[in-house]
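Undergrad: Please work out how this folds:
(one chain, ligands or ions: 1)
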Amino acid sequence: MAAFVASAGCGRVGNPATAARVSTSRHAAPLAAAAATPRPSVPTMVAPTPTKQEQFVCMDESPMTLTRYFMQAANENLDEEHVVDLQNLMASIQMACKKIASLVSRAGISNLTGYEDSGSINVQGEEQKKLDVLSNDVLKHALKWRGGKLGIIASEEEDEPIMVDELASGNYVAVFDPLDGSSNIDAGIATGTIFGIFAESAGCLASDWEAKINEEELTCLYNVLQPGSNLVASGYCMYSSSCMMVLTTGRGVQGFTLDPQIGEFVLTHPSITIPPRGTIYSVNEANSPAWDPVLLAYIKSLKDGSNASGKPYSSRYIGSMVADVHRTLMYGGLFAYPSDTKNVNGKLRLLYECSPMSFLIEQAGGIATTGKERVLDVIPSSVHQRVPLVLGSPEDVQELLDKYYEADQ
Ligand SMILES: O=P(O)(O)OC[C@H]1O[C@](O)(COP(=O)(O)O)[C@@H](O)[C@@H]1O
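TA: Model prediction:
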């Protein structure tokens, strides 16, 4: 303990520049007195072996893990709907993400890079990577755990939603992109898993399917095609220099980092809020020839500093939504995959990419829009529907929305 006390005092006196500044000020006398006080010698920083007592104290100060966070939330809000079920569902999701994190980090070692040998193509017409298929299987199996009360799953890698199993008395729907940004996986660049949890909805949101499909399929679709505003939880797990799980249950946004030493996600970023304005924009500018004039002018104003902040912005684009959104959440600014003449609905999928991320961004104080409406208000008409997306700091996104509004006048 001595070292700690010593450093607090010395800080002010020990720093020559500070001392010079202080010496002439009214602080001189008390500080001179402090400097004259004999200080215990600062022990070298070799951590002594903690005594049993200290080990016990250390045990008491165990970190807030993701498991403990949900246990505590459940204990403190037992009367609250969903809280216990979410605890179980999140137990499955975090276990799956830990597994995917280890598969991704060892992809090159365990021959998991490259495309699926069968050359399988998913419903979006994309050739599936080995890790796309494996991550999808890992999540499906983890979520099939009965205790999770999960009824239905919808995934980027599944053509149609699937009923977990006929026996499951599920009343939750999980939607996920098992490995987002997988086009970057072979280069070892950041990727992630995106997930969203809906409660099964009683009512039907769309009506023209009855004639075409059987009862079970109908139930599945009813319950999957929900607007993001119905989400009870969403988040992502980013596989990068550190593995981070960032999530919300509608009470703000929490960030957990996987501690490889204890194999637990530890709360490292409590109550994340996005900065009101940033200095970074993130968009695939290779598509700019197909952009509308409002967006073109806006991005130009970010480059030349003629935007409302008066400062030029920098550009960052990883090409993995999870990584680009995570940086935007941390540093502020704007991420977009807008509509353009090539991709009129943009590229990103509403149900398991845009809605879960928009719930997070809004919970962190940001804005998420299609350019025309709030992403969370869009009612999906199909499982793999795409929507244009602009999300980020409120002042940045609002500035673009104001420009569209002015252009429409
Ligand atoms: O290469 P583009 O056209 O910029 O697209 C990049 C976007 O596509 C994605 O890779 C699509 O996601 P998937 O990898 O899950 O298909 C996003 O992660 C990313 O933001």
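Undergrad: only C-alpha atoms for contact and neighbour calcs from this point on.
TA: OK.
Undergrad: so residue 351 sits in a helix?
TA: Yes: judged by DSSP: H, G, I helix; E, B strand; the rest coil, residue 351 forms part of a helix.
Undergrad: That one and residue 74: what is the separation?
TA: As for residue 351, its distance to residue 74 is 27 Å (criterion: Cα to Cα, to the nearest Å).
Undergrad: Around the ligand, which positions in the stretch 51-200 of the chain sit nearby?
TA: Counting by Cα under 6 Å from any ligand atom, the stretch 51-200 of the chain comes close to the ligand at 177, 179-183.
Undergrad: hey, where'd the helices end up in this structure?
TA: For the chain, the helices defined by DSSP state H cover 2-14, 16-23, 28-36, 52-60, 66-76, 83-105, 130-143, 215-224, 293-304, 321-331, 355-363, 394-408.
Undergrad: Least confident of those, on average?
TA: Note on those: helix 2-14 shows the lowest mean pLDDT, a mean of 38.
Undergrad: What ranges does the stretch 101-250 of the chain have for its strands?
TA: Under the criterion DSSP state E, counting those that start in this stretch, the stretch 101-250 of the chain contains strands at 150-155, 162-163, 172-180, 191-199, 231-239, 243-248.
Undergrad: Number of residues surrounding residue 64?
TA: Neighbour count of residue 64, defined by other Cα atoms under 10 Å: 16.
Undergrad: er, residue 339 I mean
TA: For residue 339, using other Cα under 10 Å, the count is 23.
Undergrad: Please report the distance of it from the ligand.
TA: Distance, residue 339 to the ligand, by Cα to the nearest ligand atom, to the nearest Å: 12 Å.
Undergrad: Quick check: the gap between residue 294 and the ligand.
TA: As judged by Cα to the nearest ligand atom, residue 294 and the ligand stand 20 Å apart.
Undergrad: right, I mislabeled it, should have said residue 341
TA: Distance, residue 341 to the ligand, using Cα to the nearest ligand atom: 14 Å.
Undergrad: what's the answer for residue 329, then?
TA: Here the criterion is Cα to the nearest ligand atom. By it, residue 329 lies 15 Å from the ligand.
Undergrad: For that residue, give me its contacts.
TA: By Cα atoms under 8 Å, 6 or more residues apart in numbering, the contact list for residue 329 reads 272-275, 361, 364, 392-393.
Undergrad: Looking at the residues you listed, spot the one nearest the ligand.
TA: residue 392 (14.0 Å; Cα to the nearest ligand atom).
Undergrad: That closest one - how many residues pack around it?
TA: By other Cα under 10 Å, 33 other residues sit near residue 392.
Undergrad: Tell me who's in contact with it.
TA: Neighbour list for residue 392: 274, 325, 328-329, 332-335, 361, 366-368 [criterion: Cα under 8 Å, 6+ apart].
Undergrad: Only whichever of the residues you listed are buried, select them in PyMOL.
TA: Buried residues within the contacts of residue 392, by 16 or more other Cα atoms under 10 Å, are selected in PyMOL with:
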select buried, resi 274+325+328+329+332+333+334+335+361+366+367+368
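Undergrad: Just want to know which of residue 351 and residue 74 has more residues nearby.
TA: residue 351 (33 against 19).
Undergrad: Contacts only, for that one.
TA: Going by Cα under 8 Å, 6+ apart, residue 351 touches 175, 225, 227-228, 380, 383-385.
Undergrad: ok, now residue 82?
TA: Contact partners of residue 82, counting by Cα under 8 Å, 6+ apart, are residue 232.
Undergrad: for residue 349, same thing?
TA: Contacts of residue 349 by Cα under 8 Å, 6+ apart are 384-387.
Undergrad: Please pick the buried ones from these.
TA: So, of these, 384, 386-387 end up buried under the neighbour-count rule (16+ other Cα under 10 Å).
Undergrad: so which of the residues you listed comes closest to residue 293?
TA: For the buried ones among the contacts of residue 349, the closest approach to residue 293 (Cα to Cα) belongs to residue 387, at 19.2 Å.
Undergrad: pretty sure the closest one is touching residue 371, no?
TA: No: in this structure, residue 387 is not within contact of residue 371 by Cα atoms under 8 Å, at 9.8 Å.
Undergrad: so how many other residues sit close to residue 369?
TA: Using other Cα under 10 Å, residue 369 has 24 other residues around it.
Undergrad: ok, it - contacts?
TA: With contact taken as Cα under 8 Å, 6+ apart, residue 369 is in contact with 375, 388-391.
Undergrad: hey, what's it bridged with?
TA: residue 374, residue 390 (DSSP bridges).
Undergrad: distance of it from residue 98?
TA: For residue 369, the distance to residue 98 equals 31 Å [Cα to Cα].
Undergrad: what's the answer for residue 127, then?
TA: Separation of residue 127 from residue 98 (Cα to Cα) stands at 25 Å.
Undergrad: Relative to residue 265, how far out is the nearest residue to residue 273 once chain neighbours are set aside?
TA: Spatial nearest neighbour of residue 273, excluding adjacent residues (Cα to Cα, 6 or more residues apart in numbering): residue 364 at 4.3 Å. Using Cα to Cα, one gets 20 Å for the distance from residue 364 to residue 265.
Undergrad: again, but for residue 259
TA: 6 Å.
Undergrad: So if I had to pick from those two, which one is more boxed in?
TA: Using other Cα under 10 Å, the more surrounded residue of residue 259 and residue 265 is residue 265, with 23 against 14.
Undergrad: show me the contacts for that one.
TA: Counting by Cα under 8 Å, 6+ apart, residue 265 has contacts 65-66, 244-245, 256-259.
Undergrad: so which of those residues comes closest to residue 314?
TA: Residue 314 has its nearest neighbour among these in residue 244, at 24.4 Å by Cα to Cα.
Undergrad: And this protein, what are its domain boundaries?
TA: Per the TED database, the structural domains of the chain span 66-205+213-271, 280-408.
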